[in-house]
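Enquirer: sequence? don't have it. structure:
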Ligand code: CA2
C-alpha cells in the first residue's frame, strides 16, 4: 500500500532554479516534486507544500498528523534558527527527514548548527535535487521496517 507523504519546503525554496544555480542547482522546485512523484509512483502518494512563513510550516506539520505517514522536510534557513519548528516536529509524532540540497557542513559556520536534526528521523544533504530522492527512499524503508 502506498504511503502518504508530505514533502514540505521552507523559505525561499520557491526561487529554486531561478537564482544561485551554482549552490542550489538549476532545477525548479516544481520539477523536483514532479520527478519525485514519478520516481516513487505506486510506493508513495505525495502532497507538497512550500511556505516562506514559519507559522504556515508549523500548521502544515500539525495538519500532517491527521493524514501523513511521514514528512520529507527542507526547512531552509529556519533549520538553523527555529525552536518553534523543532517543537512542531516533536509534537506531530511523525518521522521527519531533514533534507538539504547543499552540504550545510561545507558552508558558512552558521549553517553547521541545526535546531531540528535531534528530533528528526534522519538528515540528508549535499546531493542537490537527489537529496529528496535519498530522503524519501530512507523514509519509506523506515516505514516498511
Ligand atoms: O541546502 C539547502 O537545502 C538549504 O536548506 C537551503 C536554504 C539554506 O538557508 C540552508 O542553509 C540550506 C536556502 C534556500 C534558499 O533557496 C534559494 C534558491 C534560489 C535562490 C536563492 C535561494
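Expert: Structure's in. What do you need? Computed from a predicted model, the values in this text were never measured in an experiment. Residues are numbered from 1 along each chain as shown.

Enquirer: pull the residues that contact the helix or strand containing residue 61.
Expert: Following DSSP states H and E, one finds residue 61 within helix 54-64. Contacting residues not belonging to helix 54-64 are listed as 6, 8, 10, 49, 51, 71, 73, 75, 78, 82, 84-85, 88-89, 91-92, 94, 96 [Cβ atoms under 8 Å, 6 or more residues apart in numbering]. The C-beta positions use only the backbone N, C-alpha and C, and glycine is treated the same way.

Enquirer: tell me which of those fall in strands.
Expert: 6, 8, 49, 71, 73, 96 (DSSP state E).

Enquirer: and those residues, which two are the farthest apart?
Expert: Based on Cβ to Cβ, the longest span within the ones in strands among the contacts of helix 54-64 runs between 49 and 96 and measures 13.6 Å.

Enquirer: from the ligand, how far off is residue 84?
Expert: Separation of residue 84 from the ligand (Cβ to the nearest ligand atom, to the nearest Å): 17 Å.

Enquirer: now swap in residue 81 and tell me
Expert: Separation of residue 81 from the ligand (Cβ to the nearest ligand atom) stands at 10 Å.

Enquirer: how big is the angle separating the host helix or strand of residue 135 from strand 70-74?
Expert: In this structure, residue 135 sits in helix 130-143 according to DSSP H and E. Calculated by axes from the mean of the first three to the mean of the last three Cα atoms, to 10 degrees, helix 130-143 forms an angle of 160 degrees with strand 70-74.
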